[in-house]
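**Q** Dropping the sequence and predicted coords here.
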Amino acid sequence: MNTDLLRSAMMLGLAIGSVARVSDGAGFRMTRQQVIDRMKPFDGRHVRGVDTSTLRGKVMCGYQGWFAAEGDGSDRGWTHYCVRGGRFEPGACTIDLWPDMSEMDPDEKYQTSFRHADGRAASVFSPCNPKTVMRHFLWMKEHDIDGVFLQRFGASLRDAKVLNHRNVVTDNVRVAANATGRAWAIMYDLSGLKKGEIRKLVIEDWKNLVSRMAVGRDRSYLRHNRGLVVAVWGVGFDGGREYTLDECAELVKFLKEDKVYGGNTVMLGVPTGWRTLSRDALDDKRLHDIIRAADVVSPWTVGRYRDPAGARRHAEKTVRPDIEWCAKEGKDYMPVVFPGFSWHNLRRSQGLDKKLGEIPRRGGEFLWSQAVADVRAGARMVYVAMFDEVDEGTAIFKCTNDPPVGESRFLTYDGLPADHYMRLAGLVGRMLQGKLPVLDKMPERKR
């Protein structure tokens with residue numbers, strides 16, 4: 001990446017100061033209300049780029065932004081690099097891909113005790129560092145990725161330190177999106193919420209994002225059908241979640257109808273079996289009522305098939321009738337595609353044995369086959385899961401072919417260029433926009 005481009009983007013966008021970064025060793029001492037009180041609007045410059053008025057024709061990536069590193073100022077240790085409160089060292093980690101740090105500046109590298117094959121110390125990144133998030137968004141711009149759904153986990157809104165971490169990352173994302181002409185939108189993940197917490201935490205948080213951070217005035221924030229896009233993931237899944245469908249219905253009604261904070265376009269992340277109320281979905285017709293009250297349906301398909309043939313069957317037997325149902329009800333449909341899947345080290349930390357590279361990437365053919373099948377089934381927008389998810393091996397950003405060696409094992413991109421999967425994601429967007437033919441064969445890379 002051109003260093004001058006990164007420097008220019010930083011100068012254009014960086015007007016931070018709304019959230020706290022604690023210095024090493026100082027410890028985090030703010031109350032939750034103090035963290036909330038520091039939320040304020042974006043006041044940097046906006047660069048025109050993608051059309052942020054619609055989801056149609058867009059390829060959007062999930063941006064977890066949940067990592068933290070020792071020394072990044074978050075006071076959260078090695079969050080999501082290892083088990084909570086644990087050590088991040090050979091034999092004790094929860095990631096299956098190692099981020100490519102070759103382009104990072106020294107102030108973006110957080111040193112670990114892992115070692116590469118040649119003995120070099122291995123480093124990782126933190127999205128608490130605004131320069132790194134800017135770099136990620138410049139990668140998106142370079143590869144024609146339209147933007148991200150920034151994951152905002154409901155359970156992370158309880159604690160002052162964790163909420164501050166999320167707010168730091170949110171600041172970094174909105175600065176980078178504005179500076180690079182990308183789109184962004186909030187995606188609330190309801191996983192881990194207890195009964196009653198949707199109203200207490202999620203609804204309260206959206207009010208703060210609107211009134212304190214003024215996301216409605218952010219020109220890079222994604223709109224669709226004239227409303228701000230608010231994605232809510234985790235509605236209708238079977239499996240003992242404590243929050244209820246009634247609470248989900250209340251959230252959708254609030255986001256749609258509240259006189260001050262409503263008028264939004266609501267996208268729901270739902271189970272694969274949402275339409276038939278089977279498989280991973282609750283067998284409860286109220287789920288359909290909630291979906292009818294929303295605007296965009298996005299079924300979660302990560303791990304639901306394992307190869308290109310399975311992806312094609314899924315598109316024909318599930319995606320096509322899903323889209324027909326949505327068309328009849330006046331809803332948009334955003335399928336999820338993913339490059340592969342692996343959670344060997346994550347499960348190992350829990351005492352379980354899972355194969356490294358459980359769902360193979362096949363050099364990108366798996367990701368490409370899903371997108372082609374979904375477009376042929378009628379999809380006009382695509383959600384790529386995920387941009388930065390190295391925990392479950394679904395990341396598409398730059399990961400190294402030279403990971404650390406030793407007691408922990410890691411996947412690679414099989415010798416492919418580090419930007420291979422970002423390039424594919426951008427080509428999916430071109431295909432959605434009619435700028436690239438819908439072909440079974442994955443486009444060859446021009447030399």
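**A** That came through fine. Please read all numbers here as calculations on a predicted model, not as lab measurements.
**Q** helix/strand/coil for the most centrally placed residue in the chain?
**A** The chain has residue 62 as the residue nearest its centroid, 2.1 Å off, counting by C-alpha atoms, centre = their mean. The three-state label given to residue 62 by DSSP: H, G, I helix; E, B strand; the rest coil is strand.
**Q** Helices along the stretch 101-250 of the chain, start to end?
**A** Using DSSP state H, counting those that start in this stretch, the helices of the stretch 101-250 of the chain run over 130-142, 160-180, 197, 204-211, 245-257.
**Q** who wins for proximity to residue 337 among those?
**A** Closest of those to residue 337 is helix 130-142, at 16.3 Å (criterion: C-beta to C-beta). The C-beta positions use only the backbone N, C-alpha and C, and glycine is treated the same way.
**Q** Show me the shaky parts of the stretch 201-350 of the chain.
**A** Residues of the stretch 201-350 of the chain that meet the criterion pLDDT under 70 are absent altogether.
**Q** tell me the mean pLDDT for stretch 69-82?
**A** Per-residue pLDDT values across stretch 69-82 average out to 96.
**Q** So what touches that stretch?
**A** Under the contact criterion C-beta atoms under 8 Å, 6 or more residues apart in numbering, stretch 69-82 has outside partners 21-24, 26-28, 64, 66-68, 85-89, 92-95, 110, 124-126, 128-129, 161-162, 164-165, 168, 349, 391.
**Q** Measure how far it is from the centre of its chain, please.
**A** Average the C-alpha atoms of stretch 69-82, do the same for its chain, and the two points are 19 Å apart (C-alpha atoms, centre = their mean, to the nearest Å).
**Q** Count residues in the vicinity of residue 433, would you?
**A** Neighbourhood size, residue 433 [other C-beta atoms under 10 Å]: 15.
**Q** Can you give me the pLDDT of it?
**A** 96.
**Q** Tell me who's in contact with it.
**A** Neighbours of residue 433 in contact, by C-beta under 8 Å, 6+ apart: residue 57.
**Q** related to what we said a few turns ago, now the closest residue to the residue nearest to the centre of the chain other than its chain neighbours: how far from residue 273?
**A** Taking C-beta to C-beta, 6 or more residues apart in numbering as the measure, residue 62 lies nearest to residue 386, with 4.0 Å between them; neighbours along the chain are not counted. To residue 273, residue 386 is 22 Å away according to C-beta to C-beta, to the nearest Å.
**Q** So between the two, which is more surrounded?
**A** In this view residue 386 and residue 273 are compared by other C-beta under 10 Å, and residue 386 has more residues nearby, 25 against 20.
**Q** a helix runs through residue 71, doesn't it?
**A** No: in this structure, residue 71 is coil, not part of a helix, as judged by three-state DSSP.
**Q** Just give me the neighbour total for it.
**A** The burial metric for residue 71, expressed as a neighbour count using other C-beta under 10 Å, is 16.
**Q** I'd like the distance between it and residue 125.
**A** Shown here: residue 71 relative to residue 125, a distance of 12 Å by C-beta to C-beta.
**Q** got any residues that touch both of these two?
**A** residue 110.
**Q** hang on, the earlier thing: pLDDT wise, what is the residue nearest to the centre of the chain at?
**A** Among the per-residue scores, residue 62 shows a pLDDT of 98.
**Q** How about residue 101?
**A** The predicted local distance difference test score for residue 101 is 98.
**Q** Name whatever forms a beta bridge with residue 333.
**A** Going by DSSP bridges, residue 333 is paired in beta bridges with residue 297.
**Q** ok, it touching residue 323?
**A** Yes: here residue 333 lies in contact with residue 323, judged by C-beta atoms under 8 Å, at a distance of 5.0 Å.
**Q** Give me the common contacts of those two.
**A** With contacts taken as C-beta under 8 Å, 6+ apart, the residues that reach both residue 333 and residue 323 are 378-379.
**Q** State the distance from the closest residue to residue 274 other than its chain neighbours to residue 86.
**A** Using C-beta to C-beta, 6+ apart and skipping the chain neighbours, the partner closest in space to residue 274 is residue 281 (5.1 Å). Relative to residue 86, residue 281 is positioned 34 Å away (criterion: C-beta to C-beta).
**Q** Just give the number of residues close to the closest residue to residue 50 other than its chain neighbours.
**A** Leaving aside its chain neighbours, residue 50 sits nearest to residue 146 (4.8 Å; criterion: C-beta to C-beta, 6+ apart). The number of residues packed around residue 146, counting by other C-beta under 10 Å, is 28.
**Q** With the one 4 residues further on instead?
**A** Counted by other C-beta under 10 Å, the residues lying close to residue 150 total 22.
**Q** now swap in residue 207 and tell me
**A** Residues within reach of residue 207, counting by other C-beta under 10 Å, total 14.
**Q** what's near enough to touch it?
**A** Neighbours of residue 207 in contact, by C-beta under 8 Å, 6+ apart: 260-261.
**Q** could you pull out the strands for this structure?
**A** According to DSSP state E, the chain carries its strands in the segments 59-63, 110-115, 121-124, 147-153, 183-189, 223-224, 227-233, 265-270, 296-299, 332-333, 336-337, 382-384.
**Q** end-to-end on stretch 340-350?
**A** One end of stretch 340-350 to the other measures 21 Å (C-alpha to C-alpha, to the nearest Å).
**Q** Okay, buried residues for it please.
**A** Taking 16 or more other C-beta atoms under 10 Å as the basis for neighbour counts, the residues of stretch 340-350 that come out buried are 340-349.
**Q** can you redo those residues as TSV with distance to residue 41?
**A** Written out in TSV, the entries for the buried residues of stretch 340-350 read as follows (distance: C-beta to C-beta, whole Å):
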residue	distance to residue 41
340	39
341	38
342	40
343	38
344	43
345	40
346	37
347	42
348	44
349	40
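**Q** Out of those, which sit inside helices?
**A** Taking DSSP state H as the definition of helices, these contribute 344-348.
**Q** Out of those residues, the closest to residue 185 would be?
**A** Distances from residue 185 to those, taken as C-beta to C-beta, are shortest for residue 346 (26.9 Å).
**Q** Provide a list of residues in contact with the residue nearest to residue 62.
**A** Remark: with contacts taken as C-beta under 8 Å, 6+ apart, residue 386 is in contact with 61-64, 338, 394-396.
**Q** For these, work out which two are farthest apart.
**A** The most widely separated members of the contacts of residue 386 are 63 and 338, with 14.4 Å between them, by C-beta to C-beta.
**Q** Let me know the pLDDT of residue 177.
**A** We have a pLDDT of 98 for residue 177.
**Q** Ignore what I typed, I meant residue 445.
**A** According to the prediction, residue 445 has pLDDT 85.
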